[in-house]
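>>> got a predicted model here, sequence first, then my questions.
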Amino acid sequence: MRTLAPVKVITTTLTVATNARTEIRDLTDAVAALPGVDEIACGSVLLQSLHTTTALIINEHQDALLHDIAALLRTLVPEGGTYRHNDPAYSDCNRANATSHLGAVLLGQTLQVPIEQGRLVLGTWQRLLFCELDGPQTRRIYAQVMGV
Amino acid sequence: MRTLAPVKVITTTLTVATNARTEIRDLTDAVAALPGVDEIACGSVLLQSLHTTTALIINEHQDALLHDIAALLRTLVPEGGTYRHNDPAYSDCNRANATSHLGAVLLGQTLQVPIEQGRLVLGTWQRLLFCELDGPQTRRIYAQVMGV
Amino acid sequence: MRTLAPVKVITTTLTVATNARTEIRDLTDAVAALPGVDEIACGSVLLQSLHTTTALIINEHQDALLHDIAALLRTLVPEGGTYRHNDPAYSDCNRANATSHLGAVLLGQTLQVPIEQGRLVLGTWQRLLFCELDGPQTRRIYAQVMGV
């Protein structure tokens, strides 16, 4: 596709209420249904989770794999480790959630997903996954749809 | 640079046939030659590998370093680990490729690379690297060139 | 917000002089003050560190947590490991900085941050953090502000 046109921008904020400390939620259908997505012939949606203990990734939505992703984070960033963020001598954070921050740093909090003909461009197995790493909490994900 | 203009959008899909289970391929020249890149005075190309067991990263293309990146993934996500995605009791996936998915989660599958005056904006040593983590396979990378 | 308009693009390059081998610097205020940000009603800034041994992440700027992030990298990519990039038999790099490259691969070198009404869209605790992993050096971060 090749176009030359004024750009459309439509923004909104998704809210997700999580139910567990660690929880991976499939946001694909919610993002595909965001205002403006169906008006974009060619463009993208920029997603940013507005929290420092959450992440946004693209991968397969399969219970077994989601279990493995959570287990990987526990291995790379073990709960039993020593973290200054959890130590009152160094930190005024009273949530002791260093592992939640560090998991978020490894996974990232933003995604930009292409749109063509009003639909998200994703491979067969690709889904947009929101990772709660310090729940349960009510979380907000900013979405900016831009394109022609 | 400062411009105010209608936006151009040109999309295409790159195909990469990989030759090994793990293989890191330099896509920089192929991306720089994509249709539309040379028409963009200022903008970017959004790249998304359309697979859940691949990744796109920016770093130096040096054989020794590529070896180290692959070795790092094997250390962080060991082949000999226990993964539900590889366990028929939990998963209907018959490829036993949990480590490929988990490596992709750590590295990410999308990149957005700036373009100025028809050329990719990259530092001296920066190259666009496609990481095959479950090959050999034929892979597709969606590319959306947008700018003015 | 919903708009249809020609796009504005304003680019610049930030320079950061770092003081230590590993150093995490809060760039939020510098990015918020970039030329053009205050002219964007709705859009984003694409940031790309132009180096292979640096990273850009979003998280909380707290000394204790920054210490934990650096410690996590040392654990995942230990200085005492064996790396071909540091081995003259495989590499002509004389900086022995494999861990700097590998940390950068895990964290990523690009960010795209939304802008609304001339301000960066960030959650309460979110800050834009530049990670020097092979300093001290003078570093450049390309910034492309685009929007309507």
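Noted; the coordinates are in hand. Computed from a prediction, not measured in an experiment: that's the story for all the values here.
>>> so what's the spatially most central residue of chain A up against?
Per Cα atoms, centre = their mean, the C-alpha nearest to the average position across chain A is that of A:L56, at 2.1 Å. Neighbouring residues of A:L56 by Cβ atoms under 8 Å, 6 or more residues apart in numbering or on different chains: A:27, A:47-49, A:107-111, A:128-131, A:141. In short, each C-beta sits where N, CA and C put it, glycine included.
>>> in helices, which of the residues you listed appear?
Per DSSP state H, helices hold the following members of the contacts of A:L56: A:L107.
>>> burial count for the residue of chain A found nearest chain C?
With Cβ to the nearest Cβ as the measure, A:L50 is the residue of chain A nearest to chain C, at 3.2 Å. Residues lying near A:L50 (other Cβ atoms under 10 Å in any protein chain shown) number 19.
>>> now do A:T28
A:T28 has 17 nearby residues by other Cβ under 10 Å.
>>> got the angle for the helix ranked longest in chain A vs helix B:63-76?
Longest helix in chain A, counting residues (DSSP H): helix A:63-76. Going by axes from the mean of the first three to the mean of the last three Cα atoms, to 10 degrees, helix A:63-76 is angled at 100 degrees with respect to helix B:63-76.
>>> I'd like to know how far the residue lying farthest from the centre of chain A sits from C:H67.
Residue farthest from the centre of chain A, counting by Cα atoms, centre = their mean, is A:A89 at 31.7 Å. A:A89 is 12 Å from C:H67, where distance means Cβ to Cβ, to the nearest Å.
>>> for A:A96, same thing?
Counting by Cβ to Cβ - A:A96 and C:H67 are separated by 15 Å.
>>> and the gap between the residue nearest to A:H85 when sequence neighbours are not counted and A:L65?
Sequence neighbours aside, A:A98 is the residue nearest to A:H85 in space, at 3.8 Å (criterion: Cβ to Cβ, 6 or more residues apart in numbering or on different chains). Distance of A:A98 to A:L65, given as Cβ to Cβ: 25 Å.
>>> show the backbone phi and psi for the residue of chain A found nearest chain B.
Relative to chain B, the nearest point of chain A is A:G123 (3.2 Å; Cβ to the nearest Cβ). Note on A:G123: backbone dihedrals following degrees, to the nearest 10 are phi -70, psi 170.
>>> was I right to think it contacts B:T53?
No - counting by Cβ atoms under 8 Å, A:G123 does not reach B:T53; the two are 10.1 Å apart.
>>> neighbour-wise, which of those two wins?
Counted by other Cβ under 10 Å, A:G123 and B:T53 do not tie: B:T53 has more neighbours, with 26 against 19.
>>> list the contacts of the more buried one.
Counting by Cβ under 8 Å, 6+ apart, B:T53 has contacts B:97, B:100-101, B:103-104, B:133-134.
>>> state the pLDDT value of A:R74.
pLDDT, A:R74: 98.
>>> buried set for the longest helix of chain A?
Judged by neighbour count (16 or more other Cβ atoms under 10 Å in any protein chain shown), helix A:63-76 contains these buried residues: A:64-73, A:76.
>>> then stretch A:22-39?
Buried, per 16+ other Cβ under 10 Å, within stretch A:22-39: A:22-25, A:27-28, A:30-32, A:34, A:36-37, A:39.
>>> anything in it near chain C?
Yes - shown here: stretch A:22-39 in contact with chain C (Cβ under 8 Å from any Cβ of the partner chain) through A:35-36.
>>> is that stretch anywhere near chain B?
No - for stretch A:22-39 and chain B, the contact criterion (Cβ under 8 Å from any Cβ) is not met; the two come no nearer than 10.3 Å.
>>> any idea how far apart the tips of that stretch sit?
35 Å (Cα to Cα, to the nearest Å).
>>> contacts for it?
So stretch A:22-39 is in contact with A:8, A:10, A:12, A:14, A:16, A:18, A:45, A:47, A:56, A:61, A:66, A:69-70, A:73, A:113, A:115, A:118-120, A:122, A:127-133, A:135-136, A:141, A:143, A:145, C:2, going by Cβ under 8 Å, 6+ apart.
>>> ok, of the residues you listed, which come out buried?
Applying 16+ other Cβ under 10 Å to the contacts of stretch A:22-39 flags A:8, A:10, A:12, A:14, A:16, A:18, A:45, A:47, A:56, A:61, A:66, A:69-70, A:73, A:113, A:115, A:120, A:122, A:127-133, A:135, A:141, A:143, A:145 as buried.
>>> and A:A30, what element?
Assigned by DSSP states H and E, A:A30 belongs to helix A:28-32.
>>> rewinding a little: quick check: pLDDT value at the residue nearest to the centre of chain A.
pLDDT, A:L56: 98.
>>> specify the beta-bridge partners of it.
The partner list for A:L56 in beta bridges (DSSP bridges) reads A:F130.
>>> ok, now A:D26?
A:L129.
>>> how near is it to A:E60?
Counting by Cβ to Cβ - A:D26 and A:E60 are separated by 10 Å.
>>> what of A:Q137?
In terms of Cβ to Cβ, A:Q137 sits 25 Å off from A:E60.
>>> following the helix or strand of chain A with the lowest mean pLDDT, which helix or strand comes up?
When each helix and strand of chain A is scored by mean pLDDT, DSSP states H and E, strand A:2-5 comes last, with a mean of 66. Proceeding N to C from strand A:2-5, the next assigned helix or strand is strand A:7-17, under DSSP H and E.
>>> where in chain A is pLDDT low?
Residue ranges of chain A with pLDDT under 70: A:1-4.
>>> where does it come near chain B, residue by residue?
A:1-7, A:42-44, A:57-60, A:62-65, A:67-69, A:71-72, A:76, A:106-108, A:111-114, A:116, A:121-126, A:147-148.
>>> near chain C, which of those show up?
Within the residues of chain A next to chain B, those near chain C by Cβ under 8 Å from any Cβ are A:6-7, A:76, A:106, A:108, A:112.
>>> ok, of those residues, which come out buried?
For these, buried by 16+ other Cβ under 10 Å: A:7, A:76, A:106, A:108, A:112.
>>> OK, contacts around the fourth one?
Right, the one you point to is A:G108. A:55-57, B:108, C:57-58, C:108.
>>> now the contacts of B:T53 in TSV, with distance to A:G80?
Listed next are these as TSV, based on distance: Cβ to Cβ, whole Å:
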residue	distance to A:G80
B:N97	29
B:S100	28
B:H101	26
B:G103	25
B:A104	27
B:L133	29
B:D134	32
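>>> and the gap between the residue nearest to A:E79 when sequence neighbours are not counted and A:D92?
Nearest-residue entry for A:E79: A:T99, 5.7 Å, with adjacent residues in sequence omitted and distances by Cβ to Cβ, 6+ apart. As judged by Cβ to Cβ, A:T99 and A:D92 stand 18 Å apart.
>>> ok, A:H51 next?
In terms of Cβ to Cβ, A:H51 sits 18 Å off from A:D92.
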